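Engineer: When you get a sec, could you give me coordinates for this:
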Amino acid sequence: MRISSLKKLVTDLMAIDMGTSSTIIAVRGRDIVLDEPSYIAVNELTNDVVAYGQEAYDMIGREGRDITVVAPLSGGVVADFEKTKRMLAFFVRKSKSGGSQVSTQAVMSIVSDVTHVEQRALMNAAEEAHIGKVHLVEEGLAAAFGAGVSPTDKRASAVVDLGAGTTNIAIIAKGTVISSTSARIGGNEINTALATHIRRHRGLQVGEETTENLKTNFASTYLPEDIARSMEVRGRDVQTGSPGAVDITAGEVYPVVEAIVRRIAQLISDTLTELRPEVAADIYDRGVILTGGGALLNGLDQYFRNFVNLPFTVADEPRYATVRGLLKMFDEPDLLERVSRNELSLLQNAEIPFEA
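Structural biologist: Below is the predicted model:
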């Protein structure tokens, strides 16, 4: 047996979708092996990491005296290099199928407007996580493949990937990005808007877990039939500082959420007006595919359909579309080489000012 063939047997081929709120890893032959929040908990006195992922996320708002929970990524890119490096290394170790002798190759997603500094920071973090070789691929392209778009399809497809920190809009044809737009707006902005509304208008300060639950289980993008339907939210009374609770109505939540969703819908509409006629014709026939965790927001596809006047469909398991699209890249090595955003000569000259 040749050395190259032997090496393939002891190599994990990993797809890594490291986003603002979640890191999802899939391994060839094993599908999704890790899906955890992109958070770490750090002891401020010793600088030791005491928890990663779900364990760290569960501490938010209930941290110990010297513990701080942080999200090392912001807007889909590295905000804190040192913490990103440690978090990625932990997740990669947890995802490996074998011991330390198992080498790793990875395909990782990046937003379309990533800078060379941000790109190099991600590459260096992957290197520190002992990934032998890493390819960086645009999120929109990966999401399209994961949603079922064929790399050989000559007709254009439109994919909107809605994350916690970013919205990526990509137009794909023949396995290539024709045009793309990325904006640092996503599900987290809805959470922030809800928390601000409840504090200002109801006098209650609520935590991240509460706003996420409110968005996921109660909010909708369409005006509810029963606007008086209510949900109790608990937190800290702004005036007294004591624990408190208020009932939030569906009619109250709707305009807060709709204001953010309208901005995303306008971004999609503006992007689609700049397409060439042939591409526009394809999108008119096919409509737009929604991927990412944000696609699960109640009534979102219908809202976009009414706003943009085109069909919108939510991909199967939209949260996993990007990582599964990345995983498919290993089956198309020539395509992977062609679409990888690894401009080494540029990246080598990009300094990382925030490296610890």
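Engineer: which ones are touching the nearest residue to Leu34 once chain neighbours are set aside?
Structural biologist: Spatial nearest neighbour of Leu34, excluding adjacent residues (C-beta to C-beta, 6 or more residues apart in numbering): Ile25 at 4.1 Å. For the C-beta atoms, the positions are set from N, CA and C on the backbone; glycine is no exception. Contacts for Ile25 (C-beta atoms under 8 Å, 6 or more residues apart in numbering) come out as 14-17, 32-35, 91-92, 95, 323.
Engineer: change it to 10 Å
Structural biologist: Contact partners of Ile25, counting by C-beta atoms under 10 Å, 6 or more residues apart in numbering, are 12, 14-18, 32-36, 88, 91-92, 94-96, 106, 108, 323, 326-327.
Engineer: now swap in Gln239 and tell me
Structural biologist: 203-204.
Engineer: now with 7 Å?
Structural biologist: By C-beta atoms under 7 Å, 6 or more residues apart in numbering, the residues touching Gln239 are Gly203.
Engineer: burial count for Ile268?
Structural biologist: Neighbour count of Ile268, defined by other C-beta atoms under 10 Å: 21.
Engineer: The residue lying closest to Glu63 once chain neighbours are set aside: what secondary structure?
Structural biologist: Here the nearest residue to Glu63 in space, its sequence neighbours aside, is Val69; by C-beta to C-beta, 6+ apart that works out to 5.8 Å. When the structure is split into helix, strand and coil by DSSP: H, G, I helix; E, B strand; the rest coil, Val69 lands in strand.
Engineer: which stretches of the stretch 251-356 of the chain aren't confidently modelled?
Structural biologist: For the stretch 251-356 of the chain, applying pLDDT under 70 flags the ranges 343-356.
Engineer: Going by neighbour count, list what's buried in stretch 132-139.
Structural biologist: The neighbour-count check on stretch 132-139 (16 or more other C-beta atoms under 10 Å) flags 134-139 as buried.
Engineer: likewise stretch 148-163?
Structural biologist: Under the neighbour-count criterion of 16+ other C-beta under 10 Å, stretch 148-163 has 149, 151, 153, 155-163 buried.
Engineer: what sits up against that stretch?
Structural biologist: In this structure, residues lying in contact with stretch 148-163 by C-beta under 7 Å, 6+ apart are 19-20, 76, 139-140, 143-145, 147, 167-175, 178, 186-187, 268, 279, 282-283, 286, 288-295, 322, 332, 335.
Engineer: quick one, phi/psi of Asp153?
Structural biologist: Recorded main-chain torsions at Asp153 are phi -70, psi 120, according to degrees, to the nearest 10.
Engineer: Could you chop this protein up by domain?
Structural biologist: Residue ranges of the domains in the chain are recorded as 3-142+321-348, 153-185+258-316, 188-250, according to automatic domain parsing.
Engineer: before we move on, the earlier item: which pLDDT value goes with the residue nearest to Leu34?
Structural biologist: The model reports Ile25 with a pLDDT of 96.
Engineer: partners of the strand or helix carrying it, with directions?
Structural biologist: Assignment of secondary structure by DSSP states H and E places Ile25 within strand 22-27. With DSSP bridges as the test, strand 22-27 is paired with strand 11-18 (antiparallel), strand 31-37 (antiparallel).
Engineer: These: lowest mean pLDDT?
Structural biologist: strand 11-18 (a mean of 88).
Engineer: who's in contact with that one?
Structural biologist: The set of residues that contact strand 11-18 without belonging to it, under C-beta under 7 Å, 6+ apart, is 24-28, 38, 73, 88, 95-97, 102-109, 322-323, 326-327, 330.
Engineer: Look at the residue nearest to Asp12 when sequence neighbours are not counted and say how many residues are nearby.
Structural biologist: Closest residue to Asp12 apart from its sequence neighbours, by C-beta to C-beta, 6+ apart: Thr104 at 4.8 Å. Thr104 has 22 neighbouring residues, counting by other C-beta under 10 Å.
Engineer: Quick check: Thr104 vs Met329, distance?
Structural biologist: 15 Å (C-beta to C-beta, to the nearest Å).
Engineer: counting contacts, what elements does the lengthiest helix in the chain pack onto?
Structural biologist: Taking residue count as the measure and DSSP state H as the definition, the longest helix of the chain comes out as helix 250-272. Contact here means 3 or more C-beta pairs under 7 Å, 6 or more residues apart in numbering; DSSP states H and E; on that basis helix 250-272 packs against strand 167-173, strand 176-183, helix 187-202, helix 300-308.
Engineer: what angle sits between it and strand 176-183?
Structural biologist: 140 degrees (axes from the mean of the first three to the mean of the last three C-alpha atoms, to 10 degrees).
Engineer: going forward, begin numbering at 203 instead of 1
Structural biologist: All right, first residue 203 from here; so that's helix 452-474.
Engineer: Just the buried residues of helix 452-474, please?
Structural biologist: When neighbours are counted by 16+ other C-beta under 10 Å, the buried residues of helix 452-474 are found to be 452, 454-456, 458-460, 462-463, 466-467, 469-470, 473-474.
Engineer: again with stretch 269-279
Structural biologist: Counting neighbours by 16+ other C-beta under 10 Å, one finds that the buried residues in stretch 269-279 are 269, 271-279.
Engineer: Pull the number of nearby residues for Asn415.
Structural biologist: Should you count by other C-beta under 10 Å, Asn415 turns out to have 16 residues around it.
Engineer: Over to Leu236?
Structural biologist: Leu236: 18 surrounding residues under other C-beta under 10 Å.
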